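A.B. asks: structure for this input, please:
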Amino acid sequence: MEHEAAHRFARLATAIPQFDPESPVPALLRAAAEDERRHAALCAELSAAYGQPATDSVADPEIAPRNLALRDAVLYEMVAACCITETESVATVTTLLAGQLVPKVEKVLREIARDEVAHGRMGWAHLAREASLRDVRFLSRWIPSMLTGSVDDALFSPAGPPDDSLLPHGVFPLARKREVFIKTLEEVVLPGLEKFGIEVQPARAWIADRLKASLRTRG
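C.D. replies: Numbering: from 1, shown residues only. Below is the predicted model:
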């Protein structure tokens, strides 16, 4: 994931000047790409310390719908990758850091947390700049797709009995992970999007549908 983010940020840094040459965001994206490469190295070292060598990846899937024009596609990716994914990452990591972690895990998470805050902010900065120049409300219909792409299917699967045994190693029990995800959406991400006139009711319906499906499966 860190490698993927590095490639995405580098690609977006070259795309934005094509339609907004005065934007300050590409410089932030280039710095963020370097951050993500450093995160990948840190995670590889941590993985090796747990006895599982990491493998590098150069995947960089373009997550925006193919029918969007370049400027709209870049805004889609910035909101999905930064306003949603990076903001959620900050919440997850800071919640983990509030507990008792294995020292080597804590060290890595603290470094990642510091950078992820900046990565989330650059998404909001790009959205604010675009909103000052044009109507960004078209994103409303796409927020559920962004949310779907930001989680794996297991997040809303039935949770078994709470198991906190892996918390010191930076791994949430499923129910706690879902709780942090939803709380961050409701308290940070969706209110932030609303400030730019983006309708978030489709996103709230997405949350409700997944929670209902989870309860049905559990029952």
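A.B. asks: so what's the most centrally placed residue in the chain up against?
C.D. replies: Against the mean C-alpha coordinate of the chain, by Cα atoms, centre = their mean, the closest residue is T85 at 1.0 Å. With Cβ atoms under 8 Å, 6 or more residues apart in numbering as the criterion, the residues that contact T85 are S150. To be clear about C-beta, it is placed using only N, CA and C from the backbone, and glycine gets the same treatment.
A.B. asks: so that it lines up with my notes, have the first residue be 465 from now on.
C.D. replies: Taking 465 as the first residue, the last one we looked at is T549.
A.B. asks: and stretch 629-638, how far from the chain's centre?
C.D. replies: 19 Å (Cα atoms, centre = their mean, to the nearest Å).
A.B. asks: F636 contacts V557, doesn't it?
C.D. replies: No - using Cβ atoms under 8 Å, F636 is not in contact with V557, being 10.6 Å away.
A.B. asks: who has more neighbours out of those two?
C.D. replies: It is V557, of F636 and V557, that has more neighbours when counted by other Cβ atoms under 10 Å, with 21 against 18.
A.B. asks: what strand or helix carries the residue nearest to the more buried one when sequence neighbours are not counted?
C.D. replies: Computed as Cβ to Cβ, 6 or more residues apart in numbering, the closest residue to V557 that is not its neighbour in sequence is A577, at 4.4 Å. In this assignment (DSSP states H and E), A577 forms part of helix 567-597.
A.B. asks: good, wrapping up.
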